[in-house]
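Trainee: Sequence first, then the predicted structure, then my questions.
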Amino acid sequence: MRITLSVIKADVGGYVGHSDSHPDVLAKAGDCLSRAKKEGLLVDYHVTKCGDDLELIMTHQQGEDSEKIHKLAWDTFVGCTEVAKKLKLHGAGQDLLSDAFSGNVKGMGPGLSEVEIEERGAETLIVLMADKTSSGAWNMPLYKMFADPFNTIGLVIASNMHAGFDFEVHDVKEHKKITFRAPEEIYDMLVFIGAPSRYMIKAVYHRETKEIAAVSSTQRLALIAGRYVGKDDPVCIVRSQGKFPAVGEILEPFAAPILVEGWMRGSHMGPLMPVSIHDSTPSRFDGPPRVVAVGFQLSGGKLIGPRDMFADKSFNLARHQANEMADLMRRHGPFEPHRLPLEEMEYTTMPEVTKKLEERFTDL
Ligand code: F6R
Ligand code: MG
Ligand code: MG
């Protein structure tokens, strides 16, 4: 059975500040998608949140880039924005960059990760969602899942994974893409994906079967809008088990928290802390950045789940370490490497201050 999984997300208003989502907004999204399911447009759906981001997880048979599905998501965000406005939630409708829908949510503000697949005998899926960070945050975890044998032992001992995976990498600045073969080209690939603010892993494919294994959202709101409009809190769909990494191999990279871009005003480096959905409430200095993971088994397109994967106690130490790292970074206050490097501050007050002081800079 061909089935498409669309994960479409937007921040349509935060409660309180940018720290969480309001239950009424989630309920409104549930109403909209429930209607679409009754009408037969959706096979199934699950509405959830990661911090202030509203996450629509939908299955259907309309294929990728379907105008009907994208319009459904857009209309849902518009409806939820009305609820957010009524409650005067913070930044109501902030990710809807246009007043009118024009056929596809790409480039309009919401984040999107979509994949059309042939449902396997047992189709295990993990949906990763993060808040207070950006798409490049998936680079190292995806690399570890699909190219690092110290993380994924299946690459060594599972005959159906031993051939490796192809990585599609996007240059979001130049709007170019390239595909790297792992393991042969990992050194070339790391030159690029080690700079995750510009080069982002968009998708991963099984080398032998060419089947898609993972797909991420690579929108960068700042680049879309030309000014700072918040980080594009990313999502990523990963297929699991069989010829793909096991659930534990997908979650393992998050057991060792890394520093990612985002956090306060989208302008800082901070640890990516794996948490349960319930704990995706970035509060300390508007963070630190969070990642949640929900797992499903697909059955005829029905989403059997979710299981809240990072609720597991085995991630307690990672959370503790992430909080220690947060403390260490906070010590730097407005200094790098806590604050982002100059190039990344382009969309903040940096250009204004530079312009204001232009005259006062004299030659050395
Ligand atoms: C970061 C984020 C927050 C806000 C900050 C200021 O992604 O969402 O840290 O940048 O709370 O928010 P505004 O400008 O909406 O008052
Ligand atoms: Mg927000
Ligand atoms: Mg957010």
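Mentor: Sure thing, it's come through. The model shown is predicted, which means the values in this text are computed figures rather than measured ones. Ligands and ions are numbered 1, 2, ... in the order given.

Trainee: Would you point out which residue of the stretch 51-200 of the chain is nearest ligand 2?
Mentor: Nearest residue of the stretch 51-200 of the chain to ligand 2: Asp52, at 3.9 Å (C-beta to the ion). For the C-beta atoms, the positions are set from N, CA and C on the backbone; glycine is no exception.

Trainee: and the gap between the residue nearest to that residue when sequence neighbours are not counted and Val25?
Mentor: In space, and not counting its chain neighbours, Asp52 is closest to Gly14: 3.7 Å by C-beta to C-beta, 6 or more residues apart in numbering. Counting by C-beta to C-beta, to the nearest Å, the gap from Gly14 to Val25 is 10 Å.

Trainee: which residues do the two both contact?
Mentor: Common contact partners of Gly14 and Val25 (C-beta atoms under 8 Å, 6 or more residues apart in numbering): Leu89.

Trainee: if you count what's nearby, which of those two comes out ahead?
Mentor: The residue with more neighbours, out of Gly14 and Val25, is Val25; 27 against 24, by other C-beta atoms under 10 Å.

Trainee: if I pick that one, what's in contact with it?
Mentor: Counting by C-beta under 8 Å, 6+ apart, Val25 has contacts 12-13, 15, 54, 80, 83-84, 87, 89.

Trainee: Out of those, grab the one that's most surrounded.
Mentor: In these, the most neighbours by other C-beta under 10 Å go to Val12, 32 neighbours.

Trainee: helices or strands next to the least confident helix or strand in the chain by mean pLDDT in the packing?
Mentor: Least confident helix or strand of the chain, by mean pLDDT, DSSP states H and E, is helix 221-225 with a mean of 74. Using 3 or more C-beta pairs under 8 Å, 6 or more residues apart in numbering; DSSP states H and E, no helix or strand is in contact with helix 221-225.

Trainee: mean confidence for the helix or strand harbouring Thr59?
Mentor: Using DSSP states H and E, Thr59 sits within strand 53-60. For strand 53-60, the mean per-residue pLDDT is 98.

Trainee: circling back to that earlier point, I figured the residue of the stretch 51-200 of the chain closest to ligand 2 was touching Val16, is that so?
Mentor: No - between Asp52 and Val16 there is no contact under C-beta atoms under 8 Å: 9.6 Å.

Trainee: now the strands: where do they sit in the stretch 151-300 of the chain?
Mentor: 165-171, 176-182, 199-206, 212-216, 235-240, 259-262, 268-271, 273-274, 290-299 (DSSP state E, counting those that start in this stretch).

Trainee: Make JSON lines out of the ones you listed and add distance to ligand 2, mean pLDDT and mean neighbour count.
Mentor: Shown next, in JSON lines, are these (distance: least, C-beta to the ion, whole Å; pLDDT from 0 to 100; neighbours: other C-beta atoms under 10 Å):
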{"stretch": "strand 165-171", "distance to ligand 2": "24", "mean pLDDT": "97", "mean neighbour count": "20"}
{"stretch": "strand 176-182", "distance to ligand 2": "29", "mean pLDDT": "97", "mean neighbour count": "15"}
{"stretch": "strand 199-206", "distance to ligand 2": "21", "mean pLDDT": "97", "mean neighbour count": "23"}
{"stretch": "strand 212-216", "distance to ligand 2": "20", "mean pLDDT": "98", "mean neighbour count": "25"}
{"stretch": "strand 235-240", "distance to ligand 2": "15", "mean pLDDT": "98", "mean neighbour count": "26"}
{"stretch": "strand 259-262", "distance to ligand 2": "11", "mean pLDDT": "96", "mean neighbour count": "26"}
{"stretch": "strand 268-271", "distance to ligand 2": "15", "mean pLDDT": "97", "mean neighbour count": "26"}
{"stretch": "strand 273-274", "distance to ligand 2": "17", "mean pLDDT": "98", "mean neighbour count": "27"}
{"stretch": "strand 290-299", "distance to ligand 2": "13", "mean pLDDT": "98", "mean neighbour count": "23"}
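
Trainee: I'd like those written out as JSON lines, with distance to His60 added.
Mentor: Listed next are the strands of the stretch 151-300 of the chain as JSON lines, based on distance: least, C-beta to C-beta, whole Å:
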{"stretch": "strand 165-171", "distance to His60": "23"}
{"stretch": "strand 176-182", "distance to His60": "26"}
{"stretch": "strand 199-206", "distance to His60": "20"}
{"stretch": "strand 212-216", "distance to His60": "16"}
{"stretch": "strand 235-240", "distance to His60": "14"}
{"stretch": "strand 259-262", "distance to His60": "31"}
{"stretch": "strand 268-271", "distance to His60": "36"}
{"stretch": "strand 273-274", "distance to His60": "29"}
{"stretch": "strand 290-299", "distance to His60": "12"}
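
Trainee: and the chain, which residues reach ligand 1?
Mentor: 17-18, 91, 132, 230-231, 262, 264-266, 286 (C-beta under 6 Å from any ligand atom).

Trainee: how does it look with 8 Å?
Mentor: 11, 14, 17-18, 52, 90-91, 94, 131-132, 230-231, 233, 262-266, 286-287 (C-beta under 8 Å from any ligand atom).
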